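Colleague: The following block contains a protein sequence and its predicted model.
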Amino acid sequence: MIPARFWQPAENGAVQCQLCPHRCRIPDGTRSRCYGRVNRGGTLLAETWGWPVAMSVDPMEKKPLNHFLPGRPVLSLGTLGCNLSCRFCQNWDLSHPDRGAVPPSKVVRPEEIAHTAVRRGIPAVAATYNEPAVWAEYAMDIADACHAGGVRMVAVTSGYFTPESRGEFFGRMDAVNVDLKSFRDDFYRRLCGASLAPVLDTLEFIRRETRCWLEVTTLLIPGENDADAELDALTAWVAEHLGPDTPLHFSAFHPDGEMRNVPPTPVRTLRRARDWARKNRLRHVYVGNVRGEEDATATWCPQCGAKLIERAGFTAQLTGMNPSGHCAACGTRVAGVWE
């Protein structure tokens, strides 16, 4: 536990957090709605700093990041808490833990995580599993330690940050996948306890103001965010505001959380979403969480149409692209971070 960043004092010993758009007012002795921040005597503390509860080595494609070090491993970790309350959450136990959970007696310092990656020859560390915004201080400190050791840092996030926090956070990330859960504000308010505009602002900020490699994922939930009008609007916005080379992942929903009565996403819905993305000039569109769609998980040359990277599950093999990211057939440089 260390002093948090991004907050200011309020009246009567309370503090106001400025990390995310909720801007929680937190009375003394209580914690934020995201769980990870607690007011002790008028000082906001980052309680889950040094407290990873999940850590493993994953394929980079599992984040998913398809244009960032494809086929390479990433040391992934998460803590506790989330600043959204998505009714379809698959990691509810991590995102919304028992408020009586006790921090561990031994802290895992950022330098230990970076050293583990270096020792095992892993090129990147990922802040994932739960929302890294709520442990931003720890994630940023890990990023600093990783960069000192020649290791890169990535994040998987909902993008729900304020202008005060997003610059410091994403300025330290080498790659990020942002969940754009819907292109409708009522979806965010009804199913996630949040709002759409801050997520769009974060996406544009990453693209305009940082060197962080950006990919976007949308989980398609039948009857909620899979209508043609929304798919058209979402994909057109990504192409116009983030650029046609931005990889967009459409992921299939499977019943979970408080939405177990909703059926899984049909494959035809994913194909229809991909068609809308292509109509709106997006060059790299992928589908996930389904079997038998290998062509929709492969990377293709936007110039000549050659298959550059073949994927099966979470494995990737460069078959038509050299390690520097150029198409072997026509020489076109494909957007991404390849080496």
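Modeller: Nice, thanks for sending it over.
Colleague: In CSV, list the C-alpha atoms belonging to the helix or strand harbouring G167.
Modeller: When elements are defined using DSSP states H and E, G167 is found to belong to helix 163-170. Only the C-alpha atoms of helix 163-170 are listed here, as CSV (Å, rounded to 0.1, in the frame of the first residue of the first chain):
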residue,chain,number,x,y,z
PRO,A,163,-7.9,13.7,-18.5
GLU,A,164,-5.8,14.0,-15.3
SER,A,165,-4.7,10.3,-15.3
ARG,A,166,-4.7,9.1,-18.9
GLY,A,167,-1.6,10.9,-19.9
GLU,A,168,0.6,9.4,-17.2
PHE,A,169,-0.8,6.0,-17.6
PHE,A,170,-0.8,5.5,-21.4
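Colleague: which secondary structure elements does the helix or strand following that helix contact?
Modeller: If you walk from helix 163-170 toward the C-terminus, the next helix or strand you reach (DSSP H and E) is strand 175-179. For strand 175-179, the packing partners by 3 or more CB pairs under 8 Å, 6 or more residues apart in numbering; DSSP states H and E come out as strand 152-157, helix 197-209, strand 213-220. C-beta: built from backbone N, CA, C; applies to glycine.
Colleague: Now strand 175-179: buried residues?
Modeller: Applying a neighbour-count criterion of 16 or more other CB atoms under 10 Å, the buried positions in strand 175-179 are 175-179.
Colleague: what's I309 sitting at in phi/psi?
Modeller: Phi and psi for I309, reported as degrees, to the nearest 10, are phi -130, psi 120.
Colleague: what separates the residue nearest to it when sequence neighbours are not counted from G305, distance-wise?
Modeller: Once flanking residues are discounted, I309 sits nearest to T299: 3.9 Å by CB to CB, 6 or more residues apart in numbering. According to CB to CB, to the nearest Å, T299 and G305 sit 12 Å apart.
Colleague: Which one's more surrounded, the two?
Modeller: More neighbours surround T299 than the other of T299 and G305, with 25 against 11 (other CB atoms under 10 Å).
Colleague: Enumerate every residue touching the residue nearest to I309.
Modeller: Counting by CB atoms under 8 Å, 6 or more residues apart in numbering, T299 touches 66-67, 70, 284, 307-309, 311, 321, 334.
Colleague: Let me know the closest of those to R5.
Modeller: H67 (30.4 Å; CB to CB).
Colleague: Tell me, please, the helix or strand in the protein that averages the lowest pLDDT.
Modeller: Least confident helix or strand, the chain: helix 92-95 with a mean of 86, by mean pLDDT, DSSP states H and E.
Colleague: quick one: the helix or strand where A273 lies to chain centroid distance?
Modeller: With the criterion set as DSSP H and E, the secondary-structure element containing A273 is helix 267-279. Averaging C-alpha coordinates over helix 267-279 and over its chain gives two centres that are 22 Å apart (CA atoms, centre = their mean, to the nearest Å).
Colleague: go on, stretch 142-154?
Modeller: A distance of 17 Å separates the C-alpha centroid of stretch 142-154 from that of its chain, computed with CA atoms, centre = their mean.
Colleague: Check which residues of it are buried.
Modeller: Applying a neighbour-count criterion of 16+ other CB under 10 Å, one finds 142-143, 145-146, 151-154 buried in stretch 142-154.
Colleague: Show the residue spans covered by the strands in the stretch 51-200 of the chain.
Modeller: For the stretch 51-200 of the chain, applying DSSP state E, counting those that start in this stretch gives strands covering 54-59, 73-78, 124-127, 152-157, 175-179.
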